[in-house]
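Peer 1: Structure for this input, please:
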Amino acid sequence: MTAPETPAAPDSPATPDSPATPPAAPDVLAPARLGPVELRNRVIKAATYEGLSHKSLVTKDLVDFHVAYARGGVGMTTVAYCAVAKEGRTDRHQIHWTDEAMPGLRVLTDAVHAEGAAVSAQIGHGGPVANPKGNGAPALSPSRHFHATTLSFAQEASLDDIRRVTEAHAEAARRAVEAGFDAVEVHLGHNYLASSFLSPRVNHRTDAYGGSLDKRARFAREIMRAVHDAVGGRIAVIAKMNMDDGVPGGFWLDEAIPVVQWLEQDGTVDALEMTAGSSLLNPMYLFKGDAPLREFAEIMPQPMKLGVKMVGERFLRSYPYRDAYLLADARQIRAAVKLPMILLGGITGKPVMDLAMREGFEFVAMARALLREPDLVNRMREDAATPSLCIHCNKCMPTNFTGTRCVLVDRGTTRRETWGKPAGYVA
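Peer 2: Numbers count the residues shown, from 1 in each chain. Next up is the predicted model:
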């Protein structure tokens, strides 16, 4: 597989004799098409691991979590993170695509549809970020890698592993169609398995899946081809891919641009959502804002609790927050491809959404602002000046072990009362 030449830049549409009039920016709150799916607006609830599945099954709390965003006005909500294989889970309770999980997933999609919204399933393999102790199986990586959080080595993925995981993505996509999802978001970011293959910092292979960029990108391209072929145009296919790992020697924008151009040429993607950061090496790089070290330490078992207290600031770094903080890099991807794009990162209100539309993005993805206020989109529709109340403290992040939520809002779960009992689940 060789890297195609970078396409030549198109001729400018404007000449002195025929001035070009730029098209009007779309209304972010008007209906829009994403691949084969019609969304009621261009606002997507971004994937945030909910911590609300139990024994890999859908709980009523998980359904309520996504119904709140559907009722609150988003065009589509994203269920995260649905692992394509048991050993690819980053938490032992995460959903993976078993027969037992399917009835609950259908209840979830039906409930979201009843509120007028679409629903996407984020699919992927945790790779070196996976939890080997909880999964009862070694984590996989392009090359052997030590993961400080799990205090264990991820083993090098064999060619059989690569083929198996690729087919597992296809099977997950087929099951997403069966369960009633409107889209799948394929996780190619954050140094999960596909992303770790892209990263020269993590991928030290010397075979057909390592070395040059086209070889490091081969696995991601094969996954996207398998997913595209599996869904057969019945639902939308989104690729969530890093622009920047946020670590020296990692995957960066200069390599991300040709990879997205290859994905466009492959014809396997309906939209791109560009992201950043490494759950393996620099997890706070994506989120910007405060690093809640004390809150992370509180939920960690020993000896990780002590480690976070002593040296956590080296791993959980703090980065200044600003609205639309990924725009500068995503703008360069936008200029390189014609694929529809979803702008992620610091989307907090209507002015920022309108900016994204003017910059040529077709959709926006919100996470923390909606955790704070699930009905924010509805209230913005009534008053475009409605501000987000999110203060970017990032204290929501440690809650994904006990039910992801904004800690400034009292939204409890029924975990203690119902989980482990029939009343806690849907089927």
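
Peer 1: For the stretch 201-350 of the chain, just list every one of the helices.
Peer 2: Assigned by DSSP state H, counting those that start in this stretch, the helices in the stretch 201-350 of the chain fall at 213-216, 218-231, 253-266, 293-299, 304-315, 327-336, 350-358.

Peer 1: how about TSV for those, with distance to M274 and mean pLDDT added?
Peer 2: Yep, even glycine has a C-beta here, placed from its N, CA and C like the rest. TSV is the format used below for those (distance: least, C-beta to C-beta, whole Å; pLDDT from 0 to 100):
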stretch	distance to M274	mean pLDDT
helix 213-216	17	98
helix 218-231	14	98
helix 253-266	7	98
helix 293-299	26	79
helix 304-315	24	66
helix 327-336	5	98
helix 350-358	12	98
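
Peer 1: Need the winner for burial among the ones you listed.
Peer 2: Mean neighbour counts were compared across the helices of the stretch 201-350 of the chain using mean count of other C-beta atoms under 10 Å; the top stretch is helix 218-231, at a mean of 22.

Peer 1: Neighbours of the residue nearest to C393 when sequence neighbours are not counted, how many?
Peer 2: Leaving aside its chain neighbours, C393 sits nearest to D290 (5.0 Å; criterion: C-beta to C-beta, 6 or more residues apart in numbering). Per other C-beta atoms under 10 Å, the neighbour tally for D290 reads 18.

Peer 1: What separation is there between D290 and S318?
Peer 2: Here the criterion is C-beta to C-beta, to the nearest Å. By it, D290 lies 6 Å from S318.

Peer 1: same deal with L293?
Peer 2: 9 Å.

Peer 1: try H190
Peer 2: Distance, H190 to S318, using C-beta to C-beta: 18 Å.

Peer 1: what about these two, which has more around it?
Peer 2: The neighbour comparison of H190 against S318 (other C-beta under 10 Å) goes to H190, with 29 against 15.

Peer 1: need the contact list for that one.
Peer 2: Neighbouring residues of H190 by C-beta atoms under 8 Å, 6 or more residues apart in numbering: 129, 242, 275, 277-280, 283, 286.

Peer 1: And for H93?
Peer 2: Contact partners of H93, counting by C-beta under 8 Å, 6+ apart, are 51, 53-56.

Peer 1: Sitting in strands, which of those residues do you find?
Peer 2: Using DSSP state E, the subset of the contacts of H93 located in strands is 53-54.

Peer 1: Output the contacts of H93 as CSV; include the columns neighbour count.
Peer 2: Converted to CSV, these look like this (neighbours: other C-beta atoms under 10 Å):
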residue, neighbour count
G51, 22
S53, 25
H54, 19
K55, 13
S56, 20
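
Peer 1: so is the residue nearest to the spatial centre of the chain in a helix, a strand, or just coil?
Peer 2: Geometric centre of the chain, nearest residue: A47, 5.1 Å, by C-alpha atoms, centre = their mean. Of the three states, A47 takes coil according to DSSP: H, G, I helix; E, B strand; the rest coil.

Peer 1: That one touches M76, doesn't it?
Peer 2: No: the criterion here is C-beta atoms under 8 Å, and A47 misses it with M76 at 11.0 Å.

Peer 1: The helices of the stretch 201-350 of the chain into JSON lines, with extra columns for distance to T413?
Peer 2: JSON lines is the format used below for the helices of the stretch 201-350 of the chain (distance: least, C-beta to C-beta, whole Å):
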{"stretch": "helix 213-216", "distance to T413": "40"}
{"stretch": "helix 218-231", "distance to T413": "31"}
{"stretch": "helix 253-266", "distance to T413": "37"}
{"stretch": "helix 293-299", "distance to T413": "15"}
{"stretch": "helix 304-315", "distance to T413": "23"}
{"stretch": "helix 327-336", "distance to T413": "34"}
{"stretch": "helix 350-358", "distance to T413": "30"}
